[in-house]
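Enquirer: sequence and predicted structure below; questions after.
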Amino acid sequence: MNGLSLLVWLAVAQAPSIEVQTLSERQLLGTLESLTANSVILKTDLGQETVPTTDILQIRSASPASTPVVESIVLRLVDDSQLKVQTFLSSGTILTVTHPQLGELRIPATSVSSVRFAAVDPKVETEWNQLIERAPKKDMIAIRKGEVLDHLDGVVGSMTDATLQFQLDGDNLAVKREKIFGLIYSKRESTARKAVAQLELTSGDRLSARQVEWNGTKWQVRLVSGLELGVAPESLKVIDYSISKFTYLSDLEPRGMKHTPYFAEFSEFPVFGYRRDKDFEGNRISLGHKRYAKGLAIHSKTALKYRLGGDYRRFQAVMGIGDEINRGNVDVTIKADETVVFNGTVKVGENGQQGVGRPAPQLLDIDVTGVVELEIVVDYGNPMIDIGDRLYLANARLVR
């Protein structure tokens, strides 16, 4: 590489193109100048823009590299980071791995919740997911036997390319590595909620970050678990700050859901009720001729309950009848710990005329400070019949 080529390469490495999406739904495209814990500065066609990190929803690479996804060893950390690595060795207390984009990493075993060595398939996927969610009191090794996973409880020790040292009922065993499907470490406190952002790499890996900064050539990332990484600009897909700011309702499991169909004979077929991130035809939610990637589609005569646990300040959403519906009329009641905080009617179509009387979507912004349970009830409007009642809560989210 000659001197001119090197200077060109450095200029590209130091100035990646990014897209910044803000909480106020601004979309900024430009060249990154700096990113600190307090703000991002980018150069746009209209000049320099400074955006406080408190207002950033996402930073997305405008031209991420295409990276083929290769099945490999998968590490899951206690902070919910996930890394696909090529090699894995362990002294018992320190894990040494190599990552195709991040290089060699030394990770304390106390920061790791599980390691999967073998490829997962539908035959054992459910069993593996159940094992890693158990939070066992002892370490476990999972061994595949045909189409099932067996496991042993004990203490995981060092691991070489050939064997794993494993203590079982006081006996030290040398287990052949080739027989091991995965390792699950004893119950450790999750630190995922301490993340300020989650990074997605082009390799498909995710990193739960306590701090993200730009040092002029790389993204400097400190994980919640304490690991410090340097991420090349071409390896980054997105920095998602939303996880520290809000939670989408469609990402939560309701603690209660009840739907009463208009025709009783269809009660065994839950065609309606509610859907997440899709309308009832399986397409993106559309309100006011704008499509949304996140949200809830709720049919009339449906009640949903969500446990908030007092962790949020605001409930926000864009509310309306779906664009694909010409007639619809529902009553909406929202309760916070049994107190009604919203009650209103949402409808399109008047006097039986299709397409008449479609109001603009309504913006909801409700105070839920200290609220433990949120309930959303969608009922028949007037008249009390089902006439294609499809209420959409686009971008329905809880703000911390």
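Expert: Nice, thanks for sending it over.
Enquirer: quick one: residues in contact with the longest strand along the chain.
Expert: When the chain is parsed with DSSP state E, its longest strand is strand 148-159. For strand 148-159, the external contacting residues (Cβ atoms under 8 Å, 6 or more residues apart in numbering) are 88-92, 109, 124, 127-128, 131, 136, 138-144, 164-169, 172, 177, 181, 183-185. For every residue, glycine as well, the C-beta is placed using N, CA and C.
Enquirer: these in strands, which ones?
Expert: Among those, the members found in strands (DSSP E) are 88-90, 139-144, 164-168, 172, 183-184.
Enquirer: can you tell me how far the residue lying closest to M140 once chain neighbours are set aside is from E147?
Expert: Spatial nearest neighbour of M140, excluding adjacent residues (Cβ to Cβ, 6 or more residues apart in numbering): I184 at 4.3 Å. Noted for I184: a distance of 20 Å to E147, by Cβ to Cβ, to the nearest Å.
Enquirer: the more surrounded of those two?
Expert: I184 (26 against 10; other Cβ atoms under 10 Å).
Enquirer: the ones in strands among the contacts of strand 148-159, buried ones only, as a ChimeraX selection?
Expert: Here is the ChimeraX command that selects the buried residues among the ones in strands among the contacts of strand 148-159 (16 or more other Cβ atoms under 10 Å):
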select :88,90,139,140,141,142,143,144,164,165,166,183,184
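Enquirer: can you pull out the helices in the protein?
Expert: 3-14, 122-132 (DSSP state H).
Enquirer: wait, I59 sits on V238?
Expert: Yes: using Cβ atoms under 8 Å, I59 is in contact with V238, at 7.0 Å.
Enquirer: please say which of these two ends up with more neighbours.
Expert: I59 (27 against 20).
Enquirer: tell me which residues touch that one, please.
Expert: 18-21, 35, 40, 238-239, 241.
Enquirer: let's see that with 7 Å instead.
Expert: 18, 20, 40, 238-239 (Cβ atoms under 7 Å, 6 or more residues apart in numbering).
Enquirer: quick one, phi/psi of D323?
Expert: Backbone geometry at D323, expressed as degrees, to the nearest 10, gives phi -60, psi -30.
Enquirer: in this structure it contacts H289, no?
Expert: Yes: between D323 and H289 there is a contact at 6.3 Å, judged by Cβ atoms under 7 Å.
Enquirer: so for the two, which residue has more residues nearby?
Expert: Using other Cβ under 10 Å, the more surrounded residue of D323 and H289 is D323, with 19 against 7.
Enquirer: against R60, how distant is the more buried one?
Expert: D323 is 26 Å from R60, by Cβ to Cβ.
Enquirer: then F166?
Expert: With Cβ to Cβ as the criterion, F166 and R60 are 43 Å apart.
Enquirer: identify the bridge partners of S90.
Expert: Beta bridges link S90 to L95, M159 when assigned by DSSP bridges.
Enquirer: pretty sure S111 sits against V78.
Expert: Yes: between S111 and V78 there is a contact at 5.8 Å, judged by Cβ under 7 Å.
Enquirer: got any residues that touch both of these two?
Expert: Common neighbours of S111 and V78 (criterion: Cβ under 7 Å, 6+ apart): S225.
Enquirer: and the strands in the stretch 251-400 of the chain, which stretches?
Expert: 256-259, 274-276, 285-287, 290-292, 295-299, 302-307, 314-321, 328-336, 339-348, 362-367, 373-380, 390-399 (DSSP state E, counting those that start in this stretch).
Enquirer: tell me which residues are up against the second one.
Expert: Translated: strand 274-276. 250, 257, 296-299, 302, 304.
Enquirer: for the residues you listed, work out which two are farthest apart.
Expert: Taking Cβ to Cβ, the two most distant members of the contacts of strand 274-276 are S250 and H299; they sit 15.4 Å apart.
Enquirer: more neighbours: which of these two?
Expert: Set S250 next to H299 and count neighbours by other Cβ under 10 Å: H299 wins out with 23 against 20.
Enquirer: wait, the more buried one sits on D389?
Expert: Yes: between H299 and D389 there is a contact under Cβ under 7 Å: 6.1 Å.
Enquirer: buried residues in stretch 221-233, which are they?
Expert: 221-225, 227, 229, 231-233.
Enquirer: let me see the contact set for the nearest residue to D379 once chain neighbours are set aside.
Expert: In space, and not counting its chain neighbours, D379 is closest to D331: 4.5 Å by Cβ to Cβ, 6+ apart. By Cβ under 7 Å, 6+ apart, the contact set of D331 is 345, 379-381.
Enquirer: again with R188
Expert: So R188 contacts 78, 110, 113 (Cβ under 7 Å, 6+ apart).
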